[in-house]
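Student: the following block contains a protein sequence and its predicted model.
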Amino acid sequence: MSSTPRALPQALPQTWTRDAGAVEKRDVWTAMKRGLRGRCPRCGEGRLFRAFLKVADACDRCGQDFSGHRADDLPAYLVIVIVGHIVVPLALSIETNYAPPVALQLAIYLPVTLIASLALLQPVKGAVVGLQWAFRMHGFDDNPVEGIPPV
């Protein structure tokens, strides 16, 4: 056996080219529109949801991984703001102009609020996931940081 150390292969110098720096372009508005429709923000064809509010693990068409999304409570807050800005002015206008009985108002406003909230929750969550994908947030980055476990 020889006691001389083996020479390690030299790394070739890296030359930057346009193709090496090119990344997939992600349009924010297109991704959000696709998410609003419940479609994959990348291809627009695959399903984004596997259940009412459960985001699929991956797109069934293009294979985009959705496991890194972190929509959390933002869709619910946005739905509250949207529905509140519709129902409250409507209720105030009807109350000041017509003054119907409270029981009638509750019979109208509570179901309208519930139905509008449920109807908007999935599309808003899809738009938030599309926004995260377009901005390369929360696991949608092409080059995730090594050594940091997912949340």
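Tutor: Sure thing, it's come through.
Student: so what's the nearest residue to residue 124 once chain neighbours are set aside up against?
Tutor: Once flanking residues are discounted, residue 124 sits nearest to residue 75: 4.5 Å by C-beta to C-beta, 6 or more residues apart in numbering. Just so you know, the C-beta spots here come from the backbone N, C-alpha and C atoms, and that holds for glycine as well. Residue 75 is in contact with 121, 124, 125, 128, counting by C-beta atoms under 8 Å, 6 or more residues apart in numbering.
Student: among these, who's most crowded?
Tutor: residue 125 (27 neighbours; other C-beta atoms under 10 Å).
Student: picking up where we left off before, TSV please, covering the contacts of residue 75 and showing pLDDT and distance to residue 48.
Tutor: TSV is the format used below for the contacts of residue 75 (pLDDT from 0 to 100; distance: C-beta to C-beta, whole Å):
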residue	pLDDT	distance to residue 48
121	97	13
124	98	12
125	97	9
128	96	11
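Student: now, the residues you listed that are in helices?
Tutor: 121, 124, 125, 128 (DSSP state H).
Student: and the helices in the chain?
Tutor: 18-21, 28-36, 74-98, 102-134.
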